[in-house]
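Asks: What would the 3D arrangement of this be:
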Amino acid sequence: MSAAAPALPVSRPRGLTRGVVRAVALAELRRILRNPVLWAGAALSVWMMWSVVPDPDEWAGASYEEIAVSVTPLLLVISLVTAVSFHRERVEVAPDAPVREGTRAIARLVAALPLVGIAVAYAGLLAWRQRDRGGLWLGVEPGRTTEALFTAGELAQPVALAVLAVAVGAVLGRRLPHLVSVVPLLFVVWFLVSVYWLFGHEVVTPFSVLQVQPVRVHAGPATADPLGFPAHWLLEGPGEFSGQWSRVFVSNALGWWHAVWLLGLSAVVGAFAVPKGRTRRWMLAAGSVVAAVGVVAQYAVLP
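Replies: I've put the predicted structure just below:
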């Protein structure tokens, strides 16, 4: 009896692979969009945005900062529904399946792209809401404005954060053995992200995840005459948490470069949602370079 012939590698025509990827992506997208948790989180973020009303007794910039944090529930549910999708990837599939594990992972990432579109719509609504209110308050006299609006770079942040939320959800959903453990972990992750004031100092601001402007930069001692500062500066005076005059710094460039940092970080995190191989190595290398450029550029634009 002759020896059995060695098994030949399974051929996977490119057209077939693309077709299956499209089918998997569409099936996952339908599941994602039908998940009521997604829309409940989006509604909560919108409600939080709408509930921000400037108060004459608030600290300088409170409404400006609070409205930026309102995106957090949306980010949480984006991560959660993505984790649910990628957790299905843990189901064992035959080795000779027509689509490899890496291709299926790409299909699930494609299915999550509309979640970034929801973040784009949220950013547009945020911009409209600020203008509808006539702007927000920043600074104290003599360096004060009641018409502050988010720059384009700051409005790009919810979109970049949504990309990161997809990456975080994909990794946890794919790597954790039990889906029930993903929910509290994601809650802790995004709760810590919402504690934005931990990154308020200009030294660590570029490494923040949720970067809430303005950044407070030393302007002068408590005894300084605020009328001696440049007229275009927004100021914050000495108070309970600061014994100096600070410049309240808002920067469009800082916002854009922070978005670059977030996209690089997203690639690094998302790399661990795909199998080991060339795709993961490429994502790690490219993400690291992009993230490093984003951090260095943020330091360059800070005063």
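Asks: who's in contact with residue 145?
Replies: With contacts defined as C-beta atoms under 8 Å, 6 or more residues apart in numbering, residue 145 is in contact with 135, 137-139, 234. No exception for glycine: its C-beta is placed from N, CA and C like everyone else's.
Asks: do that again at 6 Å, thanks
Replies: Listed by C-beta atoms under 6 Å, 6 or more residues apart in numbering, the contact set of residue 145 reads residue 138.
Asks: Quick check: residue 261 vs residue 220, distance?
Replies: 30 Å (C-beta to C-beta, to the nearest Å).
Asks: Comparing the two, which shows the higher neighbour count?
Replies: Just comparing residue 261 and residue 220: by other C-beta atoms under 10 Å the higher neighbour count belongs to residue 261, 24 against 16.
Asks: what helix or strand is the more buried one on?
Replies: Following DSSP states H and E, one finds residue 261 within helix 252-270.
Asks: Who are the packing partners of that helix?
Replies: Helix 252-270 makes packing contacts with helix 152-175, helix 278-301 when contacts are defined by 3 or more C-beta pairs under 6 Å, 6 or more residues apart in numbering; DSSP states H and E.
Asks: Pull out the buried positions in the last one.
Replies: Going by neighbour count (16 or more other C-beta atoms under 10 Å), the buried part of helix 278-301 is 280, 283-284, 287, 290-291, 294-295, 297-298, 301.
Asks: From the residues you listed, which shows the smallest pLDDT?
Replies: Minimum pLDDT across the buried residues of helix 278-301 is recorded for residue 280, with 90.
Asks: Quick check, it in contact with residue 272.
Replies: No - the pair residue 280 / residue 272 is not scored as a contact, 7.4 Å apart, by C-beta atoms under 6 Å.
Asks: which regions of this protein sit below the pLDDT cut-off?
Replies: Counting by pLDDT under 70, the ranges of the chain that qualify are 1-21, 56-60, 89-102.
Asks: Which positions in stretch 181-193 come out as buried?
Replies: 182-183, 186, 189-190, 193.
Asks: what's the angle from the helix holding residue 261 to helix 278-301?
Replies: Between the axes of helix 252-270 and helix 278-301, defined by axes from the mean of the first three to the mean of the last three C-alpha atoms, to 10 degrees, the angle is 160 degrees.
Asks: Having no further points to raise, I will conclude here.
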